[in-house]
Structure formats: structure tokens, C-alpha cells
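Peer 1: next comes the sequence, and after it the predicted model I'd like to discuss.
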Amino acid sequence: MKVYLSADMEGITGVVDAEDVQPPGRDYERARVLMTEDVNAAVRGAYAAGATEVLVNDAHGPMRNLLPDLLDPRARLIKGRPKPMGMMEGLTPEYDAALCVGYHARAGVLGVLSHSFMGHEIEDIWLDDEVTGEIGLFHAAAAAYGVPVALLTGDDTACDEMKAWDPAVATVSVKFAKDRFAAQLVPVAESREAIESTTADALANLSHPARPTGPRTMAVRWQSASVTSHLTAIPGVTRRDDRTVTVEADMLQLYRLFNLFLRVCTAVTSNPPYC
């Protein structure tokens, strides 16, 4: 059994503030340890369920957050950026399941450190007219590979968001949102134990839904009209209004295009994504 793990940071145990997740924040180095240990808990659970290989993709911000010397040595790590597929770099149809560790809720939702890919630059994303964020896009793209998402960890708002997309996905709430930068925390040892056991249970009871086919439509509303203006230079991208672009393609092409959108936005606004 081959398992793919995408690790974000805002939904990690104990993390609540930008100082935790953005270098050189005063608590960022400590949060890197917390992130690595949440990932390790999921890796242990995967191997307990019979995994023969676990590939971990560092999917947050600079994508250089996980500490290789503290990472479970059975896991393989993709580190750094840019990556054509961003938060799901390395995932292929060969994998039997995908795990989302440390994920957060979409922009506009009252969850811990909630946003969609770029802080304030993205106001909304729609997939076939359904509002979404990082969770929904990852789930849809994984499904296009034929890979089921087995697990998501994050705050309770992120877990609810995933359940709305797919009730079959197991979730672990490592904190309960009180506001965007405040949460009631699950104790660290309890959180890691829950991640490990839930991962093992989820992989032992995998379901494989039908692989969707055909084109899908994505729309993105940006804060800046300048971003929209530049994106319309990409073939197939059209403008819905001054700040919204739309594009239609198969889901994997949409995900790759979206990562190109992020790089264009970064160049136009000089505001790097932090995912």
C-alpha cells in the first residue's frame, strides 16, 4: 500500500497565529517541530495499517518547513518550491490513499488562520459553482487521479469543511476555533495519538469511489483587478468581472493552472503565497 501525505501548517497541533507559521516568526521554529511530529504520527499510523511506502510533500508556504532529521526515517520527503502541482506534488494514480495533515478552512470562514492559498489575495474560489478552498481543490484533484483522501487533520472548521465535501474522509480535530487567531487546543500527546490511530483505522477501511471524468469549471475572485488583467493572457482564461477569472479544463489541468495563477499573482503583487 502506497500512501501520499500532504502537510500544511495552519492546522497543526498547537498553532494559532501567523508568528507560528511564517518565518521569521518568533514561534515558527517551534511550530516546525510540532508540524514534523504531527506528520510522524500519521506516518506511524500508515505503517501500522500496512503501508509499504509513504511520500510526504511539504505543502506550506516556502515548503521548507518539515525537519528532515526529525522526520520518521521510513518516509520520503519532497521539499522546496516551485512545484508544478504545489500542495499535491508527487501524487500519482499509483498511490492507494492520500492524507491531508495540518490543513485549514477556506477564505471567509471563521477557522484558525483561514484563507485560500494566498492570505488576502484570494477572496473566493468556485469549482463548478461550489465555493471551495484548498481542501476542496485537493480532494477533487486527488479524485481525478483515482486516489481517495483517507484523512484530514486540522481545526474543527477544516474538518467540517472536508466532511461537507466527502463524509467518508476520517478527520481529527487538533483544536477548536475560537476566532481566526485563537483556539482551544487539544493536548499535544492526545492529538498525536488521535492522528496515529485514526490514520491506521482510515487506511484499513478504504473506499474507492468512481473516478470522475470530463471537464470542470473553476472561477477565482482576486482582491486585485491587476491580477485578473494579467491572468487573461493565459489561453482559455476568461474574465467574468474586473476581479474574477474563469477557466474550464479537466481537474488535473485546472489544479496545475491554478498553481500558475499563484505564481502570476505573486509576481504582480509581490506577495508570496503561504498556503
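Peer 2: Perfect, thanks for sending it.

Peer 1: beta partners for residue 149?
Peer 2: Each beta-bridge partner of residue 149 is listed here: residue 98, as defined by DSSP bridges.

Peer 1: give me the neighbour count for it.
Peer 2: Residue 149: 25 surrounding residues under other C-beta atoms under 10 Å. Quick note: C-beta positions are derived from backbone N, CA and C, even for glycine.

Peer 1: what's the pLDDT at it?
Peer 2: With respect to pLDDT, residue 149 scores 98.

Peer 1: same check on residue 209?
Peer 2: In this model, residue 209 carries a pLDDT of 78.

Peer 1: quickly note the distance from it to residue 254.
Peer 2: To residue 254, residue 209 is 19 Å away according to C-beta to C-beta, to the nearest Å.

Peer 1: between these two, which has more neighbouring residues?
Peer 2: Counted by other C-beta under 10 Å, residue 209 and residue 254 do not tie: residue 254 has more neighbours, with 20 against 10.

Peer 1: check contacts around that one.
Peer 2: 127, 141, 216, 218, 247 (C-beta atoms under 8 Å, 6 or more residues apart in numbering).

Peer 1: in the sheet, who's paired with the fourth one?
Peer 2: Read that as residue 218. residue 127, residue 247.

Peer 1: would you check that it makes contact with residue 126?
Peer 2: Yes - with contact defined as C-beta atoms under 8 Å, residue 218 and residue 126 form a contacting pair (6.9 Å).

Peer 1: which ones are touching residue 62?
Peer 2: 23, 80-81.

Peer 1: ok, so of those, who is nearest residue 135?
Peer 2: residue 81 (20.0 Å; C-beta to C-beta).

Peer 1: any idea how far the closest one is from residue 270?
Peer 2: 16 Å.

Peer 1: neighbour count: these two, which is higher?
Peer 2: A count of neighbours by other C-beta under 10 Å puts residue 81 above the other of residue 81 and residue 270, at 18 against 7.

Peer 1: wait, a helix at the more buried one?
Peer 2: No - in this structure, residue 81 is coil, not part of a helix, as judged by DSSP: H, G, I helix; E, B strand; the rest coil.

Peer 1: I'd guessed residue 13 sits against residue 192; true?
Peer 2: Yes - counting by C-beta under 8 Å, residue 13 touches residue 192, with 7.0 Å between them.

Peer 1: report the set of residues contacting both of those two.
Peer 2: Joint contacts of residue 13 and residue 192 (C-beta under 8 Å, 6+ apart) are 37-38.

Peer 1: remind me which residues of the protein are low pLDDT?
Peer 2: Low-confidence segments of the chain (pLDDT under 70): 271-275.

Peer 1: and the longest strand for it?
Peer 2: Looking across the chain with DSSP state E, the single longest strand is strand 170-179.

Peer 1: which other helices and strands does it contact?
Peer 2: strand 149-155, helix 156-165, strand 182-185, helix 188-204 (3 or more C-beta pairs under 8 Å, 6 or more residues apart in numbering; DSSP states H and E).

Peer 1: just put these in CSV and tack on distance to residue 224.
Peer 2: Formatted as CSV, these follow (distance: least, C-beta to C-beta, whole Å):
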stretch, distance to residue 224
strand 149-155, 28
helix 156-165, 25
strand 182-185, 29
helix 188-204, 37
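
Peer 1: please identify the most buried of these.
Peer 2: Highest mean neighbour count among these (mean count of other C-beta atoms under 10 Å): strand 149-155, with a mean of 29.

Peer 1: residue 268 sits in which helix or strand?
Peer 2: With secondary structure defined by DSSP states H and E, residue 268 is part of helix 251-269.

Peer 1: and that helix, how far out from the chain middle?
Peer 2: Chain-centre distance of helix 251-269: 15 Å, with C-alpha atoms, centre = their mean, to the nearest Å.

Peer 1: would you mark the buried spots in it?
Peer 2: Using 16 or more other C-beta atoms under 10 Å as the test for burial, helix 251-269 gives 251-259, 261-262, 265-266, 268-269.

Peer 1: now the element after the top helix by length along the chain, going C-ward?
Peer 2: Longest helix in the chain, counting residues (DSSP state H): helix 28-48. As assigned by DSSP H and E, the chain's next helix or strand after helix 28-48 is strand 53-58.
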